[in-house]
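**Student:** this is a predicted model, with the sequence first.
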Amino acid sequence: MKPLAFSFIVLLLSFNNGFAQWELRYPPLPEDNITSVTFLSETIGFFVNEAGAIYKTKDRGKNWEVVFHNRYSRFSNISFIDNQVGFAYAYFGSSFTYTTDGGETWKQDDLDVHMAISVLGFSPSEFIKTDENGVYKTNSVFGSWDKIYEVPTETIDGGDLFWEETIAIPKAIYQFSDSSISILYYNRYRANSLTKTDSLYYLLKSNDRGARWDSVWVDVEGKIASFKMADEQTAFLLTEEGEFYRTDSTNGFWQQQNIPSTEVKPHEIVVFSKQRIYLKGKQVFKTTDGGENWELIQVPQNGFNTGYVISRYNHSAIYDLQLKITDTSEMWIHGKQFQRIGGAKLYFKNKNVGWTFKGWSFSQRTAFITKDGGYSWKADTTFPEYPYEIKYISKDTGWFMGREKLYKTEDAGKNWTSLNLFNNAENLYDAHILFEKNTGLIYANVANEDSTLGSLFLSYDSGATWKSREVPLNFESISITKEKNFGVGKDKKLWISQNRGSTWEVAFNFTYQNWYAKPLVRSINNMIWLNIGSKTLAYSKDGGITWKTTSAAVDEDMALIGPFTRGNYYLYVPEAGNVLQINSDLNTYDKRDQQLPTNVGLENITYALDENNDPHIWIRGYVNNTILYRKGPLRVKVANEKVNSEIPSETILHQNYPNPFNPTTTFSFVLKSAGKVKLSVYNLVGQEVAIILDNRLSSGTHSISFNAAHLASGTYLYKLKTELGVFSKKLTLIK
């Protein structure tokens, strides 16, 4: 028997000079997507965001520090009961976070406020929460919730199905004294099922902390855009049609008051007192007599697109523009005035110059450019039409894809020439412009009245000339090397062309591994990586002849870049706020490379090589194009390597783990030799219900995930068919 070859490898990650950790380059504030701001005084304030962070300032917003962070908490609100006791809550994630020392330290407990629409605090231990089913109260931070109001239900006729549904959802909650609570509800049943247009809201009121409730219709026409209460009796509302109403009794009688006529209707009410009210819009409407008379305040045009805030405290560190109000006057304050960039894709030409742009969209928007590596951005109007894909192969030579045409520049974007490769087709999408040395690829799907076709063009002279090639179907992801082309579409098959796009064949079939896998392929030389769903990557090191799979370690919706070749191949996978480094030669996900200065959801990742062939990496967040940056991958050193020279002596099928499972499990097996392999699941009457794998694999150990969401609970058989025999075991699915 031949010795079996095993390598025991220890990864030592070294942070060499020039290879810094991830840096938040944009926006200037520590985080973006701020959801709630509150100030306790002129100098002390807080904000929360969807990245799970609470920030505090002690100097009017000049400097901010993180006082709490939990990346699973998408905070939606922060408020204080007094100067010492405050809380933040999140509609999603670990929900209740509170402080008892003025915001210096914060603690987080479950408190079962997950999915609460609003939370209100009476005291450090007494809280009210609302959701779609009712109103709840607790008398202890660690206590249970008692339902103190139940939203009525109606039977919904869905044709063949009937179900019970609550008729209303809470929109706003107010507290004005030790015992007074008012909650505005929107009656969706009246609006949707009964198709009413008037009295769609009712005000739920209690004067004894929720022991008894009274309700009264808000008798106005249409939907409410903004609702604010000044005290227990005085309330104001603004409809979506721009009509303004006031009540001084909240007993159902609302008086419509005239406001100035403008082209753009106001959309928000800001209440300073019962008499002093502001309406936000393209202009500010101001009244000092409760709505009898109004004056218009012009909003300065500062060239930024984030709107403005009206507040008595200084928010200029957070907002570009603010109307700061005092007891007697108001004044405009300009903030830091940084441009919130819009877009969905990110591309860098070199370590300094990059763009963000929308991606495929019917709306015409402006691309944004940075010339300092992502610190600052401005609108780029040099493109003859909106770009949806950009690629430079040198300092001066580049291409971009518009909605209908491909354009080329040879003077760094000063002039663009249209190339009629697509014959003026309309509605191009899923565009790719790729280059591997002098080999270029341009691809886009063309939607017409009859079908969707894929158009592929290849160049072998650095883009000087292009040749059209047919494809077997429309590809959603495509990749190239010098000798081969790869494409993957919704059919969940990896297609390969080994003759410069003339013919295509299936190289890897992963149709049944995951129902919702996002098609994605990357390649360099003979290395190919493929997202096959179920948190698994497949990869080949011999140009697609044999395949291995990684362990289930990342999210299904992956975005990969790289690889970088410095003795090893690397891929970076943004996953739920983390970035995982993958060394596919070692078949591992290195989770030690995930310390990020922000935890907004990550979406788009790209890189550019410098003059030393070192990669510079940028990642764009979901929210307002937060930009993360680092130079190069972590260095990987291999130490303590012990080599034995045996090969597998037999083929082994291991028991799936976990088992029983719901709905995902992992199959592992050892192959004595390379060959054709099929792994399938059968029910107990012998019917094949899922094909997990049907490809040629190399010898060694393999593992692959399986999502059985489409199968019913029960016991099944799984069989591994190889050229050396058939192996089977039982598995149990429990839902």
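**Tutor:** Ah, there it is.
**Student:** who touches the helix or strand hosting residue 270?
**Tutor:** Per DSSP states H and E: residue 270 is located in strand 268-271. Here strand 268-271 makes contact (CB atoms under 8 Å, 6 or more residues apart in numbering) with 225-230, 236-238, 277-281, 310. Glycine gets a C-beta too; all of them are placed from N, C-alpha and C.
**Student:** wait, which of the residues you listed is closest to residue 509?
**Tutor:** residue 225 (52.4 Å; CB to CB).
**Student:** that closest one touches residue 267, doesn't it?
**Tutor:** Yes. Residue 225 is within contact range of residue 267, at 5.3 Å (criterion: CB atoms under 8 Å).
**Student:** circling back to that earlier point, between the contacts of strand 268-271, which is nearest residue 317?
**Tutor:** For the contacts of strand 268-271, the nearest to residue 317 is residue 310 (16.1 Å; CB to CB).
**Student:** so which residues of the stretch 301-450 of the chain form strands?
**Tutor:** All strands of the stretch 301-450 of the chain, identified by DSSP state E, counting those that start in this stretch, fall at 309-311, 321-325, 330-334, 345-348, 354-357, 367-370, 378-380, 389-392, 398-401, 406-409, 417-419, 428-436, 439-447.
**Student:** restrict the last one to CA atoms and write it as CSV.
**Tutor:** These are the backbone C-alpha positions of strand 439-447, laid out as CSV (Å, rounded to 0.1, in the frame of the first residue of the first chain):
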residue,chain,number,x,y,z
THR,A,439,-7.2,39.0,-24.4
GLY,A,440,-10.4,41.0,-24.1
LEU,A,441,-14.1,40.1,-23.7
ILE,A,442,-17.2,42.2,-24.1
TYR,A,443,-20.6,40.7,-23.3
ALA,A,444,-24.1,42.0,-22.8
ASN,A,445,-27.6,40.5,-22.9
VAL,A,446,-29.9,42.1,-25.4
ALA,A,447,-33.6,42.2,-24.7
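**Student:** and it with strand 428-436, angle?
**Tutor:** 170 degrees (axes from the mean of the first three to the mean of the last three CA atoms, to 10 degrees).
**Student:** now residue 52: how far from residue 531?
**Tutor:** Counting by CB to CB, to the nearest Å, the gap from residue 52 to residue 531 is 27 Å.
**Student:** quick revisit: list the buried residues for the strand holding residue 270?
**Tutor:** 269-271 (16 or more other CB atoms under 10 Å).
**Student:** distance to residue 486 and pLDDT for those residues - can I get that in a markdown table?
**Tutor:** Output for these, formatted as a markdown table (distance: CB to CB, whole Å; pLDDT from 0 to 100):
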| residue | distance to residue 486 | pLDDT |
| --- | --- | --- |
| 269 | 56 | 96 |
| 270 | 56 | 96 |
| 271 | 60 | 95 |
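**Student:** quick revisit: mean pLDDT and mean neighbour count added to the strands of the stretch 301-450 of the chain, as a markdown table?
**Tutor:** Formatted as a markdown table, these follow (pLDDT from 0 to 100; neighbours: other CB atoms under 10 Å):
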| stretch | mean pLDDT | mean neighbour count |
| --- | --- | --- |
| strand 309-311 | 91 | 19 |
| strand 321-325 | 90 | 20 |
| strand 330-334 | 89 | 14 |
| strand 345-348 | 90 | 22 |
| strand 354-357 | 92 | 24 |
| strand 367-370 | 91 | 22 |
| strand 378-380 | 86 | 15 |
| strand 389-392 | 94 | 22 |
| strand 398-401 | 93 | 24 |
| strand 406-409 | 94 | 18 |
| strand 417-419 | 91 | 13 |
| strand 428-436 | 85 | 19 |
| strand 439-447 | 86 | 22 |
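**Student:** checking the residue lying closest to residue 275 once chain neighbours are set aside next. Helix, strand or coil?
**Tutor:** The shortest distance from residue 275 to any non-neighbouring residue, by CB to CB, 6 or more residues apart in numbering, is to residue 290 (4.8 Å). Residue 290 falls in the coil class when you classify it by DSSP: H, G, I helix; E, B strand; the rest coil.
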